[in-house]
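**Q** With the input below, show me the fold.
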Amino acid sequence: MRKALFLVPVLACFFTVRSFAQAESQSYTNAVGIKFWPGAVTFKHFLDDDAALEGIASFWDNGFRVTGLYEFYGDVSSDAPGLKWYVGPGAHLGAYNGTVVDNHYYNNGEISIGIDGVVGLEYKFAGAPIAVSADLQPYLELNHPYVGLWGGIGVKYCW
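**A** Just a heads-up that it's a prediction; the model follows:
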(Lines give C-alpha, C1' and ligand atoms only; values in the text may rest on other atoms or scores of the structure.)
Protein backbone atom coordinates (compact mmCIF):
# COMPACT_ATOMS: atom_id res chain seq x y z
CA MET A 1 0.00 0.00 0.00
CA ARG A 2 2.86 2.42 0.76
CA LYS A 3 4.26 1.84 -2.71
CA ALA A 4 0.90 2.71 -4.25
CA LEU A 5 0.69 5.89 -2.15
CA PHE A 6 4.19 6.83 -3.34
CA LEU A 7 3.29 6.21 -6.99
CA VAL A 8 0.26 8.52 -6.99
CA PRO A 9 2.22 11.78 -6.45
CA VAL A 10 4.90 10.63 -8.90
CA LEU A 11 2.28 10.09 -11.60
CA ALA A 12 0.66 13.44 -10.74
CA CYS A 13 4.00 15.09 -11.46
CA PHE A 14 3.98 13.55 -14.92
CA PHE A 15 0.72 15.37 -15.69
CA THR A 16 2.14 18.77 -14.68
CA VAL A 17 5.44 18.56 -16.53
CA ARG A 18 4.07 19.83 -19.84
CA SER A 19 4.09 23.44 -18.67
CA PHE A 20 7.84 23.18 -18.03
CA ALA A 21 8.79 21.49 -21.31
CA GLN A 22 10.70 23.99 -23.45
CA ALA A 23 12.05 21.69 -26.16
CA GLU A 24 13.70 22.72 -29.38
CA SER A 25 12.20 21.27 -32.53
CA GLN A 26 12.58 17.49 -32.72
CA SER A 27 14.67 16.28 -35.63
CA TYR A 28 12.24 13.47 -36.45
CA THR A 29 8.50 12.80 -36.48
CA ASN A 30 8.27 8.99 -36.30
CA ALA A 31 10.48 6.19 -35.03
CA VAL A 32 10.32 2.42 -34.85
CA GLY A 33 12.70 0.35 -32.79
CA ILE A 34 13.50 -2.29 -30.23
CA LYS A 35 13.81 -2.07 -26.47
CA PHE A 36 15.72 -4.36 -24.14
CA TRP A 37 14.30 -5.18 -20.66
CA PRO A 38 11.98 -6.69 -21.40
CA GLY A 39 12.32 -7.33 -25.10
CA ALA A 40 9.86 -5.14 -26.99
CA VAL A 41 9.14 -3.37 -30.26
CA THR A 42 8.26 0.33 -30.11
CA PHE A 43 6.66 2.98 -32.28
CA LYS A 44 6.85 6.69 -31.47
CA HIS A 45 5.05 9.61 -33.12
CA PHE A 46 5.63 13.26 -32.19
CA LEU A 47 2.42 15.28 -31.93
CA ASP A 48 4.36 18.51 -31.33
CA ASP A 49 7.97 19.56 -30.72
CA ASP A 50 7.68 18.61 -27.04
CA ALA A 51 5.04 15.83 -26.97
CA ALA A 52 4.94 12.30 -28.37
CA LEU A 53 2.87 9.12 -28.23
CA GLU A 54 4.75 5.85 -27.82
CA GLY A 55 3.44 2.32 -28.15
CA ILE A 56 5.41 -0.59 -26.72
CA ALA A 57 4.60 -4.24 -27.46
CA SER A 58 6.42 -6.78 -25.29
CA PHE A 59 6.30 -10.47 -26.15
CA TRP A 60 8.09 -13.20 -24.21
CA ASP A 61 7.53 -16.81 -23.18
CA ASN A 62 5.41 -15.71 -20.18
CA GLY A 63 2.88 -13.77 -22.28
CA PHE A 64 2.57 -10.33 -23.82
CA ARG A 65 1.95 -6.74 -22.81
CA VAL A 66 0.99 -3.63 -24.80
CA THR A 67 1.74 -0.20 -23.30
CA GLY A 68 0.77 3.26 -24.50
CA LEU A 69 2.60 6.35 -23.21
CA TYR A 70 2.14 10.11 -23.63
CA GLU A 71 5.61 11.65 -23.32
CA PHE A 72 6.68 15.24 -22.67
CA TYR A 73 10.14 16.18 -24.03
CA GLY A 74 12.68 18.83 -23.06
CA ASP A 75 16.33 19.70 -23.76
CA VAL A 76 18.88 18.49 -21.23
CA SER A 77 21.37 21.26 -22.09
CA SER A 78 22.18 23.61 -24.94
CA ASP A 79 25.70 22.16 -24.75
CA ALA A 80 24.35 18.71 -25.66
CA PRO A 81 22.30 19.05 -28.87
CA GLY A 82 20.25 15.95 -29.56
CA LEU A 83 20.04 14.93 -25.90
CA LYS A 84 16.49 15.16 -24.50
CA TRP A 85 14.76 14.15 -21.28
CA TYR A 86 11.23 12.75 -21.36
CA VAL A 87 8.56 11.94 -18.82
CA GLY A 88 4.91 10.96 -19.04
CA PRO A 89 1.89 8.87 -18.06
CA GLY A 90 0.38 5.83 -19.75
CA ALA A 91 -1.43 2.52 -19.40
CA HIS A 92 -0.90 -1.14 -20.23
CA LEU A 93 -2.86 -4.29 -21.06
CA GLY A 94 -1.35 -7.77 -21.06
CA ALA A 95 -2.01 -11.48 -20.76
CA TYR A 96 0.13 -14.14 -19.12
CA ASN A 97 0.37 -17.94 -19.29
CA GLY A 98 0.25 -19.13 -15.71
CA THR A 99 3.59 -17.91 -14.50
CA VAL A 100 5.32 -15.57 -12.09
CA VAL A 101 6.00 -12.09 -13.49
CA ASP A 102 7.82 -9.56 -11.29
CA ASN A 103 7.26 -11.75 -8.19
CA HIS A 104 3.50 -12.01 -8.80
CA TYR A 105 1.66 -15.13 -10.02
CA TYR A 106 -0.75 -14.80 -12.94
CA ASN A 107 -3.16 -17.60 -13.88
CA ASN A 108 -3.06 -18.94 -17.43
CA GLY A 109 -4.72 -16.39 -19.75
CA GLU A 110 -5.19 -13.86 -16.97
CA ILE A 111 -5.42 -10.22 -18.08
CA SER A 112 -3.15 -7.54 -16.67
CA ILE A 113 -4.45 -3.93 -16.60
CA GLY A 114 -2.56 -1.01 -15.14
CA ILE A 115 -1.25 2.53 -15.24
CA ASP A 116 2.30 3.38 -16.19
CA GLY A 117 4.75 6.23 -16.04
CA VAL A 118 8.04 6.80 -17.80
CA VAL A 119 11.13 8.92 -17.19
CA GLY A 120 14.18 8.76 -19.42
CA LEU A 121 16.81 10.23 -21.71
CA GLU A 122 17.02 10.04 -25.49
CA TYR A 123 19.86 10.94 -27.84
CA LYS A 124 19.25 11.52 -31.57
CA PHE A 125 22.45 11.27 -33.62
CA ALA A 126 22.90 14.36 -35.84
CA GLY A 127 22.83 13.47 -39.53
CA ALA A 128 21.80 9.84 -38.90
CA PRO A 129 18.30 8.33 -38.63
CA ILE A 130 19.14 6.68 -35.29
CA ALA A 131 18.14 7.52 -31.71
CA VAL A 132 19.03 5.67 -28.51
CA SER A 133 17.22 5.90 -25.18
CA ALA A 134 17.36 4.73 -21.59
CA ASP A 135 14.36 4.90 -19.28
CA LEU A 136 12.56 3.63 -16.20
CA GLN A 137 8.89 2.72 -16.38
CA PRO A 138 7.12 2.31 -13.04
CA TYR A 139 3.67 0.73 -13.17
CA LEU A 140 0.73 -0.11 -10.96
CA GLU A 141 -1.35 -3.21 -11.67
CA LEU A 142 -5.03 -2.38 -11.13
CA ASN A 143 -6.54 -5.87 -11.08
CA HIS A 144 -3.69 -7.22 -8.89
CA PRO A 145 -2.55 -4.58 -6.38
CA TYR A 146 1.11 -4.55 -7.31
CA VAL A 147 3.70 -1.85 -8.04
CA GLY A 148 6.56 -2.78 -10.34
CA LEU A 149 9.31 -1.33 -12.49
CA TRP A 150 10.23 -1.90 -16.12
CA GLY A 151 12.42 0.18 -18.36
CA GLY A 152 15.37 -0.39 -20.57
CA ILE A 153 17.65 0.60 -23.39
CA GLY A 154 16.12 1.36 -26.79
CA VAL A 155 17.42 1.79 -30.32
CA LYS A 156 15.15 3.43 -32.89
CA TYR A 157 15.15 4.16 -36.62
CA CYS A 158 13.79 7.70 -37.12
CA TRP A 159 12.16 9.49 -40.04
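**Q** C-alpha from now on. contacts and neighbour counts both.
**A** Fine.
**Q** State the distance from the residue nearest the centre of the chain to P38.
**A** Nearest residue to the geometric centre of the chain (CA atoms, centre = their mean): V118, 4.6 Å. Per CA to CA, to the nearest Å, V118 is found 15 Å from P38.
**Q** What of V147?
**A** Taking CA to CA, one finds V147 at 16 Å from P38.
**Q** And these two? Which one has more around it.
**A** Higher neighbour count among V147 and P38: V147, with 20 against 15, using other CA atoms under 10 Å.
**Q** Mind listing the residues bridging to that one?
**A** L140 (DSSP bridges).
**Q** repeat for S133
**A** According to DSSP bridges, the partner residues bridging S133 are E122, G154.
**Q** Contact partners for it?
**A** Counting by CA atoms under 8 Å, 6 or more residues apart in numbering, S133 touches G120, L121, E122, Y123, I153, G154, V155.
**Q** could you dump these to CSV with pLDDT, neighbour count and distance to G33?
**A** Shown next, in CSV, are the contacts of S133 (pLDDT from 0 to 100; neighbours: other CA atoms under 10 Å; distance: CA to CA, whole Å):
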residue, pLDDT, neighbour count, distance to G33
G120, 98, 19, 16
L121, 98, 19, 15
E122, 98, 21, 13
Y123, 97, 17, 14
I153, 97, 18, 11
G154, 97, 21, 7
V155, 98, 21, 6
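**Q** Between which two of these is the distance greatest?
**A** Using CA to CA, the two most remote members of the contacts of S133 are G120 and V155, lying 13.3 Å apart.
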